[in-house]
Structure formats: structure tokens, C-alpha cells
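Q: Next come a sequence and a model predicted from it.
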Amino acid sequence: MPESPDDILWGAVRERRERCREIEREIASMRPGSPEYLAALKEFGRLSKLAAAYDECLRIAEELREARNLAAGKDPELRSLAAEEIPALETALSEKRNALLRMADDEETGAGRNVILEIRAGVGGEEAALWARDLYEMYRKYIERKGWTCEVLSASEAEQGGFKEVIFMVRGEGAYGRLRFEGGGHRVQRVPKTETQGRIHTSIATVAAMPEAEDVEVKIDPKDLEIKAVAAGGPGGQNVNKVATQIQILHIPTGIQIRCMETRSQQQNRERAMSLLRAKILEIERAKKEDAERAARLEQIKSGDRSDRVRTYNFPQNRATDHRLEGDEKNYPLQQVLDGDLDPILDRLDAQERLRRMSRSSGR
């Protein structure tokens, strides 16, 4: 007989509670202040909240079981008191279960983590690069609204001031859970500043959203890395031109190449490059575990073709359309979106995704 949704939930949460206890034992044998110790503390902090919510569910469930037993007993007074308590206990248990489901789902998807966003100019030449910068500014405004922080890891500028590519870390509680929906093609329809005849052009930039990986999740063998420190090119004074501050890393097993030159510190650039490498490797592992639909979506993100889009920003019609939503929920005022007011869209995408995951878990 197939498991019920509750059975699936409880099983997954029990595993995480056991993992929480395992980490607690491991912490006792680690060196305080070490990277492994700090990473384990962070994971323990996440899982301990889920374990406490699970124990609370068990407590309420036990109280409800006892109340139902009393309501079926022979003592009239106890039966009456129990009957009064049962509705409140049922409501409390339902609310706790729903909250626990959300916590378990967030843990599985990594929704509570920091996120690395990668924006690349696609089809459209210089206009696509300018659009990539506009997208970066849109996200920066959203990050400010949320009270999060933004740290550029790598950037490659185009001739007219746009971005060929920009990669940045967003630090904040639940950052990945919100911005994971931004992955895909972002198409713009507008008259470029360089257009003399007023014709509307269509360009695209692609966005990839990756959860920050912790050291304990992604083990990288130093033997698998080729690391070079070279002088950063371009303007910027003596330090940029003469000192080997730019870090280039090749991960041999996957072929992933990382380049970071955003600070004048070789060590800081190395740390940023390794953080980005871990995130990319973790995303590859996650993609392997997802279904064909997820894999196909990742392929669309890579292509940068005009047909690969999650959202269209139409300047003549002053409208932003999210193609994953239906009916009136898919259209939003353009300037409002560009000013970083993304929560109305992200709220609907989040609700849609949670419903999909719940349906898949229950086998429907």
C-alpha cells in the first residue's frame, strides 16, 4: 500500500531529526572555530528548529489521542470535557503539521540559504548586455527592500556599460527560497538607446540561481583543482596591472572554470571563487536528483535563445509578464517590477511550487 502524504512527511522529518542528533554528537569532537565546526553549527541550527517542531507535533498528537480515548469512555463528566478539547487540539495539530511540512520542504530545497545569482547577456548584442545590467539593478533594489546584502563575485563589462556576465552572492534569511524562481530567460522588448528609427528590439539575458553550498556538503579534493594567480587586466592603477590578484580555478572532473578579480586581495578572490565553485558543483548534484522537467529547464537557462523565457518585460505596453503563471496573475506593472517590487510575483510562484511538490509527494 502506498504511503500517505503524512507518512512521507513524518518519515522525512524523522530522518532529519536523527541527522540533528548525529551532528550534535559530531560537534563535541570538532575543534571549536574550525570551518567544519562552524558549518556543523549552522546545519544543527537549521535542523534543531525542525526537530523541535516535530516533537511538538508528537506532543499534541498524544494529547489528542488521550482526549479521544476519554471521549469514548464511560465517565460523563470526562467525556464532556474531552469533547470540548478535541476541536482545539485537532486545529492545533493541523496547523503544526502544515508548518512542519513547510519547514521540511524548505530544508529539502535549501530555501533558507544564501543564493548566488548569475546573469549573462544572451541574444541581442550590446542591448542584451545593457539589459543584463538592468536586471542586476532590479535585483539590487529587491535586495535592499529585503534588508539583505549583495556581494559581486565576478563581473565582465561590455563596451557600452552593460554586463556580458555578472555573478553575485545574496546573503539573507531565505534568499534562495525567494530568488530560486528567477532562473531562466528574461526577455525585454523595447527601443534601444542606440536605435535611431524607433524600432522595438527583442533581447534576452539569462539568470541562474544557485544555493550557497556549505563546506561539509561539497568535498573538493585539492588534487582536482588547477589554480592560477594572474595579474588582473584593464584600468585600475599599479595594483591591478602588476600584482597577481586575479584567481582562476579549473575543477578538472567537471570542467567548471571560475575566474574572480573583484577585490585587490588574492586570498579574498580565492575564497569567493571557491564559494562559487562549491555552489556550481552542488547545483550539478541537485540537478541529477531532479526529474526530466528540471533538467530541461536548466538546459533552457544555458541557451540564451529568445524562445527560452520565464518572464517578458514589454516597455511599449508597460507590462511584465511571468509565463509560468496563469490569467490575471501573470501580468504586473513594468516599472513596479524594475523598481524591485518582486514579492507579488514570487509569492504566487512560491505557492504554485509548493502545491506542485505536495501533489507529487502524495502521488497525484
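A: Cool, got the structure.

Q: Could I get the phi/psi values of Arg171?
A: phi -110, psi 120 (degrees, to the nearest 10).

Q: Gly122 too?
A: Taking degrees, to the nearest 10 as the convention, Gly122 sits at phi -110, psi -130.

Q: what about it, neighbour count?
A: Per other C-beta atoms under 10 Å, the neighbour tally for Gly122 reads 24. Quick note: C-beta positions are derived from backbone N, CA and C, even for glycine.

Q: Run a quick check on it versus Gly185, I expect a contact.
A: Yes: with contacts counted by C-beta atoms under 8 Å, Gly122 reaches Gly185, the gap being 6.8 Å.

Q: Assess the claim that Pro211 and Asn114 are in contact.
A: Yes: when contacts are counted by C-beta under 8 Å, Pro211 is listed as touching Asn114 (7.4 Å).

Q: between those two, what contacts are shared?
A: Jointly contacting Pro211 and Asn114 under the rule C-beta atoms under 8 Å, 6 or more residues apart in numbering are Tyr176.

Q: can you give me the end-to-end distance of stretch 328-345?
A: 11 Å (C-alpha to C-alpha, to the nearest Å).

Q: That one - what's its average pLDDT?
A: When pLDDT is averaged over stretch 328-345, the result is 95.

Q: biggest strand in the protein, by residue count?
A: Secondary structure of the chain read by DSSP state E shows that its longest strand is strand 201-211.

Q: Next secondary structure after that strand?
A: strand 225-230 (DSSP states H and E).

Q: What residues sit buried inside stretch 182-198?
A: Within stretch 182-198, the residues that qualify as buried are Glu182, Gly183, Gly184, Gly185, His186, Arg187, Val188, Arg190, Pro192, counting by 16 or more other C-beta atoms under 10 Å.

Q: for Glu173, helix, strand, or coil?
A: Put simply, Glu173 is coil when judged by DSSP: H, G, I helix; E, B strand; the rest coil.

Q: mind checking pLDDT for it?
A: Looking at Glu173, the pLDDT reads 85.

Q: Who are the contact partners of it?
A: Contacts of Glu173 were listed using C-beta under 8 Å, 6+ apart, and they are Gly112.

Q: Phi, psi for it please.
A: phi -60, psi 120.

Q: can you tell me how far it sits from Ala128?
A: 33 Å (C-beta to C-beta, to the nearest Å).

Q: likewise Gly73?
A: 73 Å.

Q: Neighbour count for these two, which is higher?
A: Ala128 (27 against 11).

Q: which residues sit against the helix or strand containing that one?
A: Taking DSSP H and E as the criterion, Ala128 maps to helix 125-146. Outside helix 125-146, the residues that touch it by C-beta under 8 Å, 6+ apart are 117, 119-122, 124, 149-150, 158-166, 168, 170, 172, 175, 178-179, 182, 186, 188, 192-194, 201, 203-205, 207, 337-342.

Q: if you look at those residues, which of them are in strands?
A: Using DSSP E, the contacts of helix 125-146 in strands are 117, 119-121, 149-150, 163-166, 168, 170, 186, 188, 201, 203-205, 207.

Q: ok now the helix holding Ala128, how far from the chain's centre?
A: 18 Å (C-alpha atoms, centre = their mean, to the nearest Å).

Q: buried sites along it?
A: 125-136, 138-139, 142-143, 146.

Q: tell me the average confidence for that helix?
A: Per-residue scores along helix 125-146 average to 95.

Q: can you state the direction angle for it and strand 163-171?
A: Relative orientation of helix 125-146 versus strand 163-171 (axes from the mean of the first three to the mean of the last three C-alpha atoms, to 10 degrees): 10 degrees.

Q: With only the CA atoms kept, save stretch 188-199 in PDB.
A: Output of stretch 188-199 as PDB, limited to C-alpha atoms (Å, rounded to 0.1, in the frame of the first residue of the first chain):
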ATOM      1  CA  VAL A 188      13.000  42.500 -22.900                       C
ATOM      2  CA  GLN A 189      11.100  44.300 -25.700                       C
ATOM      3  CA  ARG A 190      12.000  48.000 -26.000                       C
ATOM      4  CA  VAL A 191      13.500  50.600 -28.300                       C
ATOM      5  CA  PRO A 192      17.300  50.600 -27.500                       C
ATOM      6  CA  LYS A 193      19.000  53.900 -26.900                       C
ATOM      7  CA  THR A 194      21.200  53.300 -30.000                       C
ATOM      8  CA  GLU A 195      18.100  52.800 -32.200                       C
ATOM      9  CA  THR A 196      17.700  55.800 -34.500                       C
ATOM     10  CA  GLN A 197      14.500  54.800 -36.200                       C
ATOM     11  CA  GLY A 198      12.400  54.000 -33.100                       C
ATOM     12  CA  ARG A 199      12.200  50.200 -33.800                       C
END
